[in-house]
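K.L.:
Got a sequence here, can you model it:
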Amino acid sequence: MNIEKTIPALITNRIKKYQSKILFQRRDGWSWKQITWLDFERDIKSMASFLLDLGFGSGDAAITVSPNRMECLFTEVAVCFLGGVAIPMEGDEFLERIEELAKGVRIKFIFTADATIANRVITLFKSFPDLGKIIIFSYNDLGKDDRIIPYASVLKFGLLKRKQLEDSLTKTSEGVSPDSPAVIFYEPGSNGKVSEKKVAHLDLIEALHLMAKTYPFIGEEDQSFSCLPLASPFEKFINYLALYMGSRIVMAETREDFFEDILEVKPTVVFETRNGLEDICSRVLSDAGEKSGGEKLRRDLGNRIKYVLTDSPPKDWIKNLFSKSGASIIEVPELNKLGKL
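P.N.:
Residues are numbered from 1 along each chain as shown. Now for the predicted structure:
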């Protein structure tokens, strides 16, 4: 029986189970930095302590405008620890709807990897009556406005606050309701109107539990790898499956990073969208003959790949190419079905 009903409960149990086991790896110059489950706990609780200290609580919203990267996942988990709501958005969509969002959602924080986004929000800061800070994932192009704080500084401030807030943080995370929304997606409809799609904690946990039973061949000894730049439910939640299963995670931030890093990471499992798979295969075939395409694909993906989890079935020629490489493509429909309109 699955006893976990919220994201905080899931993450807390996995941290207790895996502790010093490696969870994340990320490139740091010429080397790779390894992040354990205990490191993960320190950072999400430091982030949560920072947010809690500035008045963030149950029902408050934080927008993340960023490709799926480690900082973004840590942030969204920290928001969920406080019973808050994460709203993932793509840059263009956010800029188009920024004034509408300012009027319709109680936004306390905005997280972004893009200085252009941060500076645009500054010009409209007064339009967000509840907005506290803008947190940017990079030091690059950081201006002098004290309303913009680098992510690394947030973790340092939060770590200092964590001791005095530990009891409040524990009480808050344990009090998160399974039925409360964890994430809200805004999706354009066929009539041109934007729909709000809410995903509750319990809905996500039950989907992950079902996936763990459906795909038992993916486990804690696997190395996952992805490059997922958009804000769809699949792209946002597929790395939660790795968290659920205890697998190691690497998240490339660009397609160029993907092809460079994967040769060193040598993953056994790749998370990728249908469109992403077509891009990967087209690049591989651009300088490989049809007969050697499968072998080249396997080499280009690190030579250990066993499974590719994707959001929807790819074209037949892509299936055939991956089959020749020795990898199985598996559609994961559970994640895009999440949420109530």
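
K.L.:
unless I'm mixing things up, residue 239 is touching residue 250, no?
P.N.:
No - checked against C-beta atoms under 8 Å, the pair residue 239 and residue 250 is beyond contact range at 10.0 Å. Glycine gets a C-beta too; all of them are placed from N, C-alpha and C.

K.L.:
Return every residue with contacts to both of these two.
P.N.:
Listed as contacting both residue 239 and residue 250 by C-beta atoms under 8 Å, 6 or more residues apart in numbering are 224, 226.

K.L.:
what ranges do the strands span in this structure?
P.N.:
Assigned by DSSP state E, the strands in the chain fall at 22-28, 31-36, 61-65, 85-89, 107-112, 133-136, 148-150, 181-188, 194-200, 223-226, 248-251, 269-271, 307-310, 328-331.

K.L.:
hey, which of these is tucked in deepest?
P.N.:
Each of those was scored by mean neighbour count; the highest is strand 269-271, a mean of 27, by mean count of other C-beta atoms under 10 Å.

K.L.:
what lines up beside that strand in the sheet?
P.N.:
Strand 269-271 sits in its sheet next to strand 223-226 (parallel), strand 307-310 (parallel), going by DSSP bridges.

K.L.:
Please report how far residue 22 lies from residue 252.
P.N.:
The gap separating residue 22 from residue 252 is 17 Å, by C-beta to C-beta, to the nearest Å.

K.L.:
Correction: the previous question concerned residue 158.
P.N.:
With distances taken as C-beta to C-beta, residue 158 is found 27 Å from residue 252.

K.L.:
Residue 187 now?
P.N.:
Distance, residue 187 to residue 252, by C-beta to C-beta: 25 Å.

K.L.:
partners of the closest residue to residue 194 other than its chain neighbours in the sheet?
P.N.:
Nearest non-adjacent residue to residue 194, counting by C-beta to C-beta, 6 or more residues apart in numbering: residue 186, 5.1 Å away. Following DSSP bridges, residue 186 is listed with bridge partners residue 196.

K.L.:
Quick check: residue 175 touching residue 57?
P.N.:
No - the criterion here is C-beta under 8 Å, and residue 175 misses it with residue 57 at 10.5 Å.

K.L.:
tell me, what's touching these two both at once?
P.N.:
By the contact definition C-beta under 8 Å, 6+ apart, residue 175 and residue 57 are jointly contacted by residue 83.

K.L.:
buried residues in the longest helix anywhere in the chain?
P.N.:
Selection of the longest helix in the chain by residue count, based on DSSP state H, yields helix 151-174. Residues of helix 151-174 classed as buried: 151, 154, 155, 157, 158, 159, 161, 162, 165, 169, 172, 173 (neighbour count, 16 or more other C-beta atoms under 10 Å).

K.L.:
mind listing what the residue nearest the centre of the chain touches?
P.N.:
Central residue of the chain (C-alpha atoms, centre = their mean): residue 73, 3.9 Å from the mean position. Counting by C-beta under 8 Å, 6+ apart, residue 73 touches 239, 251.

K.L.:
and it, how far is that from residue 12?
P.N.:
16 Å.

K.L.:
Roughly how far does the closest residue to residue 235 other than its chain neighbours sit from residue 321?
P.N.:
Using C-beta to C-beta, 6+ apart and skipping residues adjacent in sequence, the residue nearest residue 235 is residue 228, 3.9 Å away. Computed with C-beta to C-beta, the distance linking residue 228 and residue 321 is 21 Å.

K.L.:
And for residue 106?
P.N.:
Going from residue 106 to residue 321 by C-beta to C-beta gives 47 Å.

K.L.:
These two: which is more packed in?
P.N.:
A direct count of neighbours by other C-beta atoms under 10 Å for residue 106 and residue 321 places residue 321 higher, at 25 against 13.

K.L.:
I'd assumed residue 296 was in contact with the more buried one.
P.N.:
No - Residue 321 is beyond contact range of residue 296, at 9.5 Å (criterion: C-beta under 8 Å).

K.L.:
quick one, domains of this protein?
P.N.:
Following automatic domain parsing, one gets these domains for the chain: 37-176, 201-331.

K.L.:
Ok, which of those domains comes nearest residue 18?
P.N.:
When these are compared by C-beta to C-beta, domain 37-176 sits nearest residue 18, at 4.3 Å.

K.L.:
Can you list the low-confidence ranges for the stretch 201-341 of the chain?
P.N.:
Applying pLDDT under 70 to the stretch 201-341 of the chain flags residues 288-291, 339-341.

K.L.:
In terms of pLDDT, where does the closest residue to residue 24 other than its chain neighbours sit?
P.N.:
Counting by C-beta to C-beta, 6+ apart, residue 24 lies nearest to residue 35, which is 3.9 Å off, once chain neighbours are set aside. pLDDT for residue 35: 97.

K.L.:
hang on, the earlier thing: got a list of contacts for the longest helix of the chain?
P.N.:
With C-beta under 8 Å, 6+ apart, helix 151-174 has contacts from 8-9, 12, 42-43, 45-53, 57-58, 71, 75, 81-83, 111, 135-139.

K.L.:
can you give me how far that helix is from the chain middle?
P.N.:
Taking the mean of its C-alpha atoms, helix 151-174 sits 21 Å from the chain's own mean (C-alpha atoms, centre = their mean, to the nearest Å).
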